[in-house]
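Visitor: below is the sequence, then the predicted model.
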Amino acid sequence: MKLFNHPLTTAVRLALTVGALAATGIAFAQDTGSAQSSNTNEQPSAQKAKTLQTVTVTGTRIRSVDVETEQPVFTMTQADIQKTGLISVGDILSNLTVAGAQTFSKASVLTSNPEQGGQYVNIRNLGEQRTLVLVNGKRWASSLAGFTDMSTIPAALIDHIDVLKDGASAIYGSDAIAGVINIVLKDRYSGAEASAYYGQNEAGDGNRNAYSFTMGTSDDKSSLIFGANYTKENAIWASKRYETSFTYGPNHIEDGLSGTGPWGRYRHVSSLGSATGTSKVLNHTGSWDGVGVGADSRNPANYHNGLTVDDLYDPSLQMNLGGANQLKSIFTAGRYDISQYVTFKATGMYAERDNTRQIAGYPLNSLTQATNPVYIDPNSYYNPEPGTPLFFYRRVIELPRITRNNVKSFHLDGGFEGSFTVNDHLWNWDVGVNYNKYESVDYGSGNLNLSNMKQALGPSFLNGAGVVQCGTPTAPIPTTLCTPFNILGGPSASTPEALKYVNSLSQGSLQSVSTDYTANITGGIVDLPAGELAFAAGFEHRKITGYDILDQLVASGKTTDLAGGNTFGRYNTNEAYIEVNVPLLKDLPGAQSLSVDIASRYSNYSNFGSTTNNKYSFQWKPLVDLMVRGTYAKGFRAPTLDDVSGGGSQSFDYYTDPCDTRFGAAATDPGVAAKCAAQGLPANFRQLSTTGLPISAPNTQSTTAFNAGVGNADLTPEHSTSKTAGIVYSPEWLPGFDASADWYKIKITNVITGISANYVLNQCYLADSATYCSQFGRDPGTGQVVGLNRGNINMGMLSTEGWDFGAHYRLPEFGYGRFSLNLDANYLTAYDTQSTADADVVGSAGTWSLPRWRANAGLDWGMGDFGATWSLRYYGAFRDWCWESDVECNQPNYEGKNWGVGANRKGAIVFHDMQFRYNTPWNGSVQVGINNVFGKDRPITYSVGNSSATSYDPALDIDRYFYLRYTQKF
């Protein structure tokens, strides 16, 4: 169906036409406010009163006198932001009780996606791509996968943040499933302000510096504001803290050591190219820390059979727990009253983020890339068994893998707006364009160039000058073209020249561009007995294009980096919406007010077709101080360019084979054991690690590459149903107090999912999904999982249900100051997933990152120029994997479909924060504070690796954090 033939579009076009015609002959009242509020210059009294009182609240397009709406909206002011002691929008929002663990964050040092290093908000744990992020009510720049990087938005420029805890696709379109975050920036300012900030973790790393400058001018006709910001966050190191210095924590040090250590190990090469025979490991001093000196690698007598603990390596020693981040941004916004009828407004921002992160040197072996095998040549000078090709293993710790993302975000919007009256009803209109450009260049170092490695491990000899040279005496290769590498000799035998030769320097680029054209109109139609019948309508045309181009050598699989394909795509949308607010009752017993709001949005996408989504809301005040509200909404998320056109990549996933008879479900579940036996696996089957030996811990990295994230052009939108119901109580007998309770339930079907290796395997063995059992194979010789595919697909269901609670009390002022108490909490009733229609529903509420309870509470005091805040952040108890059925397993009989039988329940976590403030006589202010006052340690979990990026939720403090901020106004 063509958009312009749709009945909804016809209604919108008619409304916009009426607005345009009205603009030519009806008395106008000038509207000079922001997208979120309305202010005017001097007008006739009736018009002025009506215009001054109307505001636009996040979640509706209709301007209203009352900021309390049918939708549950949480608002955080600039003062609230400063009391957190944080400087990044992503960190600030991740502490909200409705925010879940981040899929990608600045801590995601092991994640290979372009989004790594950024910060994203995961409302309701439904995925960051299902939360719509707006800035001043407009869409912000996002990646090809639909993730909006919050770290590119400077916190110093924020006026307030609205968090709509409800679906709103009928109002805003795609992605508004879990909720909407609307960041409202300062749009007018008179004077100047400068601020400096410094913070540091107790361990001495993660230092943060932030500087901002804001200046502006405004008068009755125009305003202009300019802001510049610089933020620098230093890296956080896993090795700085004993608890994070080991993959599985200090209770299982040896179990987390990597089987591919820094000292050379070799075996013989079989006729099929795989390893065969006994492992020979170079003798060396030192232990698994990689510090030591290796023996002469050319002498076969300097090797011992088999691996010992001292031959292994702890990769956490080279790992960032959080990468270094640097943000530079400039911002400007202005408005100008062209006449008393029309105002022009524009906003521009440029932000550049540099993120650098480091992980351990690459654990190389001869078949790291099966299509580009590398062996030690029989004629290599460094071959301890001349004449015999060798299969080798070696972690090249001399070249830690370093990735740097340079991300540039451009935003520009501009448009005209105004207001007019029709039969004494105020109408507002606006037209504009919104342009966003997101560019990322990824620079890599520390992976290995396999083409050069073949040369470096190929034939070599000692030339007449006493220098080892590539080639043979009769066919030498110039030293400028090749440098031999003594890979078996360990770090002490490496030369800078050889490391430079085998090091792979890569560069990839990504771009996403969106251009949005909008037109909106809202106003009152007629006065009903209970109030004004209000109406809003609008039209939106959006174009999205993008690409993700990998480094050419990386894409070809000729490095140890993850090979993959490039991404190119584009699509456009035409959308129209209409919203009506109908007051039904007013000033009656049991109905001080009753109104309903109905909204509908029609969306036509060039890549999949059309969808219509409706929303129904009500607001009822049986008493003056009690409001009851509720919503029912349909929503959708359109497939992103990455979903549809993504090139995919290799992935070495951490997983636990359900058939492993020690750590897998087969150890405790007879049904799983029977399925594994039916596939021909022995009764004592074990998953193998990189050592070639059985794994000594769950969730161990795969020894062969799996395939992840390939796009699917046949994807269709996700669909959601959201329901909310709640009350807000503001008793007249207790001024300053309000309390609220809101129930919510969100169900998403046709879910677009990039699934994990654990998910694929568990769905096969635990949820009996035939679909997933076909997504992997097993090595016919060893039985190990191979060729596992985990791409994007429409499948299954995701749902969550719970309660949001809030209570806030601002006490009367006493002689010893002003006090206020705040409490916001979330109770998670259910969090369920179903992979396919034929699979079981899996409940995860109460597990890692999905605690039943989360709460934030605070006590604030102010007296004159002094102030202080004490707050706490509460994360409820949760269940984690057992280490083994009889080790760290306090609920051995717990039965769940997440990982089988047995669970280890871990207690609640509480972080305490404090801040002191002082306003100086010279118009300055000082803030000093400590987050995590009592130095509470975050939990060690086994469902995710302890020091791996996936377990570091930035909302969970790693130790005490101290900060100081000074602000000066001019």
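Guide: Looks like it came in fine.
Visitor: what's the local residue count around residue 638?
Guide: By the criterion of other CB atoms under 10 Å, residue 638 has 24 neighbours. C-betas here are computed from N, CA, C, even on glycine.
Visitor: residue 710 versus that one, what's the distance?
Guide: Using CB to CB, to the nearest Å, one obtains 19 Å as the distance from residue 638 to residue 710.
Visitor: and residue 902, by the same measure?
Guide: Distance, residue 902 to residue 710, by CB to CB: 35 Å.
Visitor: neighbour count for the two, which is higher?
Guide: Neighbours were tallied for residue 902 and for residue 710 using other CB under 10 Å; the higher tally belongs to residue 902 (24 against 17).
Visitor: the more buried one contacts residue 882, correct?
Guide: Yes. Counting by CB atoms under 8 Å, residue 902 sits close enough to residue 882 to count as a contact (4.4 Å).
Visitor: between the two, what contacts are shared?
Guide: 889, 892 (CB atoms under 8 Å, 6 or more residues apart in numbering).
Visitor: leaving out chain neighbours, which residue sits closest to residue 71?
Guide: With CB to CB, 6 or more residues apart in numbering as the criterion, residue 71 has its nearest non-adjacent residue at 3.8 Å, and that residue is residue 59.
Visitor: list phi and psi for the nearest residue to residue 919 once chain neighbours are set aside.
Guide: The shortest distance from residue 919 to any residue other than its chain neighbours is 4.0 Å, reached at residue 865 (CB to CB, 6+ apart). Note on residue 865: backbone dihedrals following degrees, to the nearest 10 are phi -90, psi 0.
Visitor: cool, residue 910 as well?
Guide: phi -130, psi 120.
Visitor: need the per-residue pLDDT for it.
Guide: Each residue has a pLDDT score; the one for residue 910 is 95.
Visitor: got the contact list for it?
Guide: Neighbours of residue 910 in contact, by CB under 8 Å, 6+ apart: 872, 873, 874, 875, 936.
Visitor: likewise residue 760?
Guide: By CB under 8 Å, 6+ apart, the contact list for residue 760 reads 772, 775, 776, 788, 789, 790.
Visitor: residue 465 falls within a helix, correct?
Guide: No. Counting by DSSP: H, G, I helix; E, B strand; the rest coil, one finds residue 465 to be coil, located in no helix.
Visitor: can you pull out the helices in the chain?
Guide: With DSSP state H as the definition, the chain shows helices at residue ranges 7-22, 45-53, 78-83, 89-94, 169-172, 450-456, 496-502, 552-555, 641-645, 670-678, 757-765, 770-773.
Visitor: show me where pLDDT drops low in the protein?
Guide: 1-56, 64-69, 104-114, 897-898, 944-955 (pLDDT under 70).
Visitor: residue 915 contacts residue 928, doesn't it?
Guide: Yes. Between residue 915 and residue 928 there is a contact at 7.1 Å, judged by CB under 8 Å.
Visitor: which of these two has more residues huddled nearby?
Guide: Using other CB under 10 Å as the criterion, residue 915 and residue 928 rank with residue 915 on top: 21 against 15.
Visitor: what's the closest non-adjacent residue to the more buried one?
Guide: residue 929 (3.5 Å).
Visitor: swap in residue 472?
Guide: Leaving aside its sequence neighbours, residue 472 sits nearest to residue 459 (CB to CB, 6+ apart; 5.2 Å).
Visitor: now stretch 266-283: buried residues?
Guide: With burial defined by 16 or more other CB atoms under 10 Å, the residues of stretch 266-283 counted as buried are 266, 267, 269, 275, 279, 280, 281, 282, 283.
Visitor: quick check, nearest of those to residue 856?
Guide: When the buried residues of stretch 266-283 are compared for distance to residue 856 (CB to CB), residue 281 comes out closest, at 52.2 Å.
Visitor: dig out what the closest one forms beta bridges with.
Guide: residue 265, residue 304 (DSSP bridges).
Visitor: OK, contacts around it?
Guide: When the contact criterion is CB under 8 Å, 6+ apart, the partners of residue 281 are 263, 264, 265, 303, 304, 305, 306, 307, 308, 311.
Visitor: looking at the residues you listed, spot the one nearest residue 552.
Guide: Taking CB to CB as the measure, residue 552 sits nearest to residue 264 out of the contacts of residue 281, at 30.6 Å.
Visitor: and the closest one, what is it in contact with?
Guide: 281, 282, 294, 297, 392, 393, 394, 487, 488, 489, 490.
Visitor: so what's it closest to, chain neighbours aside?
Guide: residue 488 (2.8 Å).
Visitor: how many neighbours does that neighbour have?
Guide: Using other CB under 10 Å, the number of residues around residue 488 comes to 28.
Visitor: how near is it to residue 229?
Guide: Separation of residue 488 from residue 229 (CB to CB): 51 Å.
Visitor: thinking again about what came up before, doesn't residue 379 make contact with the residue nearest to residue 472?
Guide: Yes. Counting by CB under 8 Å, a contact exists between residue 459 and residue 379, whose distance comes to 4.0 Å.
Visitor: who has more neighbours, those two?
Guide: Neighbour comparison, residue 459 and residue 379: the larger count goes to residue 459, with 20 against 15 (by other CB under 10 Å).
Visitor: fine by me, thanks again.
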